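S.K.: Got a sequence here, can you model it:
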Amino acid sequence: MQYNLTLFKQADLHQLTAFLNHAWEFDSITADLLNEKLYGDPNWQPELALVMHDENQIIGFMQGVVRDIRGIRYGYIKLMGVAQKYRRKGIASTLYNKLESAFKDLAVEVIRIYDAPLNYWMPGIDPKYTPALCWALRKGFKRFEDTANLKVDLYNQNWDTSLQEKKLASEGIEVRRAKADDKQAVLDFIQDEWALWGNEVKMTFKDTPPSIHIALVNGQVKAFSAHNGNNKGTGWFGPMGTHPDLRGKGMGAILLKRCLNDMKDMGLKHSVIPWVGPIDFYGWHANAIVERIFWRFEKTLK
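M.R.: As a prediction, the model looks like this:
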């Protein structure tokens, strides 16, 4: 049977949202979030958003994006899905082959699946989506690392940090929510070590008030912690970072708890701490638990 491959257009948004919610067994997405993943991506490339139709029905989707990171040009499969009754008919492979060809034309060196810094949906393939990871292996991808999303119960814990902040104030360290006019100072602070977090930081300053907290010494930003910078409205925490000058003072825990309290005040029951490295830090300070595991895959193009 012949299916029709087209590029995504704005008129597809709501049908595509419904399609993905039906195709994904373990996730759901709203039209607003999908719009963020598409048009809200700082490297949005409409020619890399591919839709497969059976007549007027969407049966497959694959979005690509290209980023230059630390001297390597990466192509990311950012979102993908195939309708369950249309699987094993070559639809995902047709979409991927088209995308890989476009990546080669754009001089992409390495392709990864999902874990696209700056703006992403998930940090890898959840192995519960076993057909997806089997497909990735068949297409030549290699599993190179695992990561996890943690979950925090926001309601049954005390996030007050006033005593710790009072002690820091006596040492000349100011802790507060960032103001709109702090934006450039925060961006300057992260530029050297955490430049990849710039887009998420910018997104937090779109909130009123900004969903980011900072620590300052002599008026200079020395630490920050943010939330709602990616997958807005869903309780995603991060990013956060502390200058070596303030490490060992409990700064990370204070800024973390300020963000978690924000999300509690928003009416959220849980927070997601995604793409985690130091699980023990979040387990100790927020009683975070591992909620999901993700396998990361990449493929080197010759």
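S.K.: tell me the centre residue of the chain?
M.R.: Centroid-nearest residue in the chain: residue 120, 3.6 Å away (criterion: Cα atoms, centre = their mean).
S.K.: is it true that it touches residue 78?
M.R.: Yes. Between residue 120 and residue 78 there is a contact under Cβ atoms under 8 Å: 6.9 Å. C-betas here are computed from N, CA, C, even on glycine.
S.K.: Overlap in contacts, those two.
M.R.: 37, 114 (Cβ atoms under 8 Å, 6 or more residues apart in numbering).
S.K.: Quick check: phi and psi on the residue nearest to the centre of the chain?
M.R.: Dihedral angles phi and psi of residue 120 (degrees, to the nearest 10) take the values phi -150, psi 160.
S.K.: check contacts around it.
M.R.: Residues in contact with residue 120 (Cβ under 8 Å, 6+ apart) are 37, 78, 114, 230.
S.K.: And the pLDDT at it?
M.R.: Note on residue 120: pLDDT of 97.
S.K.: Of the contacts of residue 120 - the most surrounded one?
M.R.: Highest neighbour count within the contacts of residue 120, by other Cβ atoms under 10 Å: residue 230, with 28 neighbours.
S.K.: Is that residue within a helix or a strand, and which one?
M.R.: Using DSSP states H and E, residue 230 sits within no helix or strand.
S.K.: Does it touch residue 203 like I think?
M.R.: Yes. The pair residue 230 and residue 203 passes the contact test of Cβ under 8 Å, sitting 6.9 Å apart.
S.K.: which stretches of the protein form strands?
M.R.: Using DSSP state E, the strands of the chain run over 4-7, 49-54, 57-69, 72-82, 110-113, 142-153, 173-177, 212-217, 220-227, 237-242, 270-276, 289-300.
S.K.: Any idea which of the ones you listed gets closest to residue 42?
M.R.: Ranking the strands of the chain by proximity to residue 42 (Cβ to Cβ) places strand 57-69 first, at 8.6 Å.
S.K.: by contact count, what packs against the closest one?
M.R.: Where contact means 3 or more Cβ pairs under 8 Å, 6 or more residues apart in numbering; DSSP states H and E, strand 57-69 is packed against helix 13-23, strand 49-54, strand 72-82, helix 91-105.
S.K.: looking at those, which is buried most?
M.R.: strand 72-82 (a mean of 22; mean count of other Cβ atoms under 10 Å).
S.K.: For that one, give me every contacting residue.
M.R.: 19-20, 23-24, 37, 41, 52, 59-68, 91-92, 95-96, 99-100, 103, 106-116, 120-121, 132, 301.
S.K.: what mean pLDDT does it have?
M.R.: 98.
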